[in-house]
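**Q** Just to be clear, the model below is a prediction. Sequence and coordinates:
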Amino acid sequence: MKETKTVRVRFAPSPTGYLHVGGLRTALYNYLFARKHNGVFILRIEDTDRTRYIQDAVENLIATLKWAGLDYDEGPIKGGNYGPYVQSERLDIYRHHAEQLLQAGKAYRCFCTSERLDKMRKLLEKMKVSPKYDRTCLKLFQSEISEKLAAGEPYVIRMKIPDGQIIKFRDIIREDVEISSDILDDQVLIKSDGYPTYHLANVVDDYLMGITHIIRGEEWLPSTPKHIILYKYYNWEIPKFAHAPLLLNIERAKLSKRHGDVAVEDYISKGYLKEALINFIAFLGWNPGTEQEIFSMQELVEQFSLESVNKAGAVFNIDKLKWLNFEYLRKKSDTEVLQMLKEELSQSKYNQIHYDEKFLLGVIEAMRPRVTFVKDFIENSPYFFEPPAQYDVEVIKKRWKEDTPQQLEMLVEEFSKLENPGKEDFEAALHRTAETLNIGNGKLIHAVRLAISGVGGGPGLYDILYLLGKEESIKRIRTAIDKIKPL
């Protein structure tokens, strides 16, 4: 795509709490497009809906974008030449532009009460007619308007939608779109509290900030004709539009909090790596057309294109996200994983215990093929960090017999003879004991694993014995001999 001027795109969330994964995808697509075209990525806070505003939501949003590696070029805190970048700080700008429309006869004041509007809407619904404002206030004489203003009656400013027009536009993703203006409502532009609606503020800001491409979710597609009308009313150049597909759950219904986690913060707290989440989010609608599934951010920048984004809804497959997290964790160096494991331990019940780095690196080596998240090093193998408090009943039934304690006593004697044993020394001692007892190695292996870990599975037994060390291993085996009774 050849551009004649600098690409400028924006991510414009509302500070209503958490950052939705759909919002992260919108931010990502804007970021990738800007970086690919050497453009500018802007963060703009659309906080004009004061009923939904949540304290500290902006700070949380900025922190989440930073975590994801989506560094914006202009916006709150950073500033820029087109600020302020928070809409509640731009109210005079919106009022000025609304006044222009009033003067041009392209907007009008509406004094209708909410009670009248509700009554009108219910009547239209009963008649099975699409609920639209009936333009009662458009018919007011100027003298009536002046009286109402003098009396201090509250009002909103509505856009006057032109009649009998076909609004056409080219969407980069959806291609040609057209809609009749006759089905559009006279949209409120300025609310009775003086704040603009999304529609006015969005268009005014996009123009004044020089936005060249509007990349957003499909849910905004029905609003686009109204925005195009506003661009035409102001005689402004219309930016290019691209509406990404809806995010769907596994049942192909719209993704919502009712069906699971939708906040990016939830995935951060669950231990997902940013590389995995970004890679996964990128594929929610976009496909490079190759077999490649693992992408670095730079590779995403190089290969991303809006033309390759699908129209069909994108299914949020949590199993695919987990697989990506496993793959990214597997690719990380031992040093990187060590630092993450230390951080995880510092936030766990083991935070008062000092662990030798060599020991932790051994745990990482033993468990890496078995973990999807860093926390799994602890949750899937707590026996590396504390003795088992209980033993798996099913394993006891299957592996712990009347003669098991006696056999383990002999093994403990053999272990006691070892000096600074390595994995192979533990293995040789167990083999010798099994041979003396004239039993298979497996009978001892399963019993020892249960004794030292409390469970029947996990990494290699000799890896566990070596990491725990001779003294701790013997101590745990003797505890198990006292505690476990055959079932």
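**A** Noted; the coordinates are in hand.

**Q** What number of neighbouring residues does residue 18 come out with?
**A** Here the number of neighbours of residue 18 (other C-beta atoms under 10 Å) works out to 18. All C-beta spots, glycine's among them, are computed from the backbone N, C-alpha and C.

**Q** if I pick it, what's in contact with it?
**A** Neighbour list for residue 18: 57, 60, 263, 264, 265, 266 [criterion: C-beta atoms under 8 Å, 6 or more residues apart in numbering].

**Q** Just the buried residues of the helix or strand hosting residue 482, please?
**A** Following DSSP states H and E, one finds residue 482 within helix 470-483. Residues 470, 473, 474, 476, 477, 480, 481 are the ones in helix 470-483 that count as buried (16 or more other C-beta atoms under 10 Å).

**Q** quick one: it to chain centroid distance?
**A** For helix 470-483, the gap between its own C-alpha mean and the chain's C-alpha mean amounts to 45 Å (C-alpha atoms, centre = their mean, to the nearest Å).

**Q** next one: stretch 220-240
**A** Distance, stretch centre to chain centre, for stretch 220-240: 30 Å (C-alpha atoms, centre = their mean).

**Q** Same question for stretch 40-51.
**A** With C-alpha atoms, centre = their mean as the basis, the distance from the averaged C-alpha position of stretch 40-51 to the chain average is 18 Å.

**Q** now do stretch 216-233
**A** In terms of C-alpha atoms, centre = their mean, the centre of stretch 216-233 is found 26 Å from the chain centre.

**Q** Please point out which parts of that stretch sit buried.
**A** Neighbour-count burial for stretch 216-233, with 16+ other C-beta under 10 Å as criterion, is recorded at 216-218, 220-221, 223-231, 233.

**Q** and what of stretch 437-455?
**A** Residues 443-455 are the ones in stretch 437-455 that count as buried (16+ other C-beta under 10 Å).

**Q** picking that back up, which ones among the buried residues of stretch 216-233 lie within strands?
**A** 216, 217 (DSSP state E).

**Q** Can you flag the buried ones in the contacts of residue 18?
**A** A residue is treated as buried here by neighbour count (16+ other C-beta under 10 Å); on that basis the buried members of the contacts of residue 18 are 57, 60, 263, 264, 265.

**Q** Same list, those, but as a markdown table with secondary structure please.
**A** Formatted as a markdown table, the entries for the buried ones among the contacts of residue 18 read as follows, by DSSP: H, G, I helix; E, B strand; the rest coil:
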| residue | secondary structure |
| --- | --- |
| 57 | helix |
| 60 | helix |
| 263 | strand |
| 264 | helix |
| 265 | helix |
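
**Q** Between the residues you listed, which sits nearest residue 114?
**A** Within the buried ones among the contacts of residue 18, the smallest distance to residue 114 is 26.9 Å, found for residue 57 (C-beta to C-beta).

**Q** I'd like the distance between residue 291 and residue 154.
**A** Relative to residue 154, residue 291 is positioned 60 Å away (criterion: C-beta to C-beta, to the nearest Å).

**Q** Please read the previous query as pertaining to residue 397.
**A** With distances defined as C-beta to C-beta, the gap from residue 397 to residue 154 amounts to 75 Å.

**Q** try residue 413
**A** In this view, residue 413 and residue 154 are 91 Å apart by C-beta to C-beta.

**Q** Repeat that for residue 417.
**A** Relative to residue 154, residue 417 is positioned 91 Å away (criterion: C-beta to C-beta).

**Q** Against which helices or strands is the helix or strand that contains residue 298 packed?
**A** When secondary structure is defined using DSSP H and E, the element that contains residue 298 is helix 297-303. Contacts of helix 297-303 with other secondary structure elements, assessed using 3 or more C-beta pairs under 8 Å, 6 or more residues apart in numbering; DSSP states H and E, are made with helix 21-36, helix 274-282.

**Q** run the last query once more with 6 Å
**A** Using 3 or more C-beta pairs under 6 Å, 6 or more residues apart in numbering; DSSP states H and E as the contact criterion, the secondary-structure elements in contact with helix 297-303 are helix 21-36.

**Q** okay, now the residue nearest to residue 82 when sequence neighbours are not counted: neighbour count?
**A** What sits nearest to residue 82 in space, not counting adjacent residues and going by C-beta to C-beta, 6 or more residues apart in numbering, is residue 209, at 4.3 Å. Counted by other C-beta under 10 Å, the residues lying close to residue 209 total 19.

**Q** quick one on the thing from earlier: so if I had to pick from residue 291 and residue 154, which one is more boxed in?
**A** For residue 291 versus residue 154, the count of surrounding residues by other C-beta under 10 Å is larger for residue 154: 11 against 5.

**Q** leaving aside the residues next to it on the chain, what's closest to the more buried one?
**A** The spatial neighbour of residue 154 that comes closest, neighbours along the chain excluded (C-beta to C-beta, 6+ apart), is residue 192 at 4.3 Å.

**Q** measure residue 323 to residue 236 for me?
**A** Distance check for residue 323 against residue 236: by C-beta to C-beta, it reads 46 Å.

**Q** same thing with residue 71?
**A** From residue 71 across to residue 236, the span is 29 Å (C-beta to C-beta).

**Q** do residue 152 as well
**A** From residue 152 to residue 236 the distance is 34 Å (C-beta to C-beta).

**Q** so who does residue 157 touch?
**A** 98, 107, 109, 189, 190 (C-beta atoms under 6 Å, 6 or more residues apart in numbering).

**Q** what angle do the stretch of helix or strand residue 330 belongs to and helix 21-36 make?
**A** Secondary-structure assignment from DSSP H and E places residue 330 in helix 318-331. With axes from the mean of the first three to the mean of the last three C-alpha atoms, to 10 degrees as the criterion, the two stretches helix 318-331 and helix 21-36 enclose an angle of 50 degrees.

**Q** Any idea how far helix 318-331 is from the middle of the chain?
**A** For helix 318-331, the distance from its own C-alpha centre to the chain's C-alpha centre is 15 Å (C-alpha atoms, centre = their mean).

**Q** how much space between the residue nearest to residue 107 when sequence neighbours are not counted and residue 153?
**A** By the measure of C-beta to C-beta, 6+ apart, the closest residue to residue 107 outside its immediate chain neighbours is residue 101, 3.6 Å from it. With the distance defined as C-beta to C-beta, residue 101 ends up 20 Å from residue 153.

**Q** for residue 262, same thing?
**A** In this structure, residue 262 and residue 153 are separated by 41 Å, where distance is defined by C-beta to C-beta.

**Q** re the thing from before, count residues in the vicinity of the residue nearest to residue 107, would you?
**A** Residue 101 has 21 neighbours, counted by other C-beta under 10 Å.

**Q** and it, that one's in a helix?
**A** Yes. Assessed by three-state DSSP, residue 101 belongs to a helix.

**Q** Report pLDDT for it.
**A** The predicted local distance difference test score for residue 101 is 98.

**Q** those helices in the stretch 251-400 of the chain, which residues are they?
**A** Using DSSP state H, counting those that start in this stretch, the helices of the stretch 251-400 of the chain run over residues 264-269, 274-282, 297-303, 318-331, 334-346, 357-367, 376-379, 393-399.

**Q** circling back to that earlier point, neighbour count: residue 152 and residue 236, which is higher?
**A** More neighbours sit around residue 236 than around the other of residue 152 and residue 236, counting by other C-beta under 10 Å; the figures are 14 against 6.
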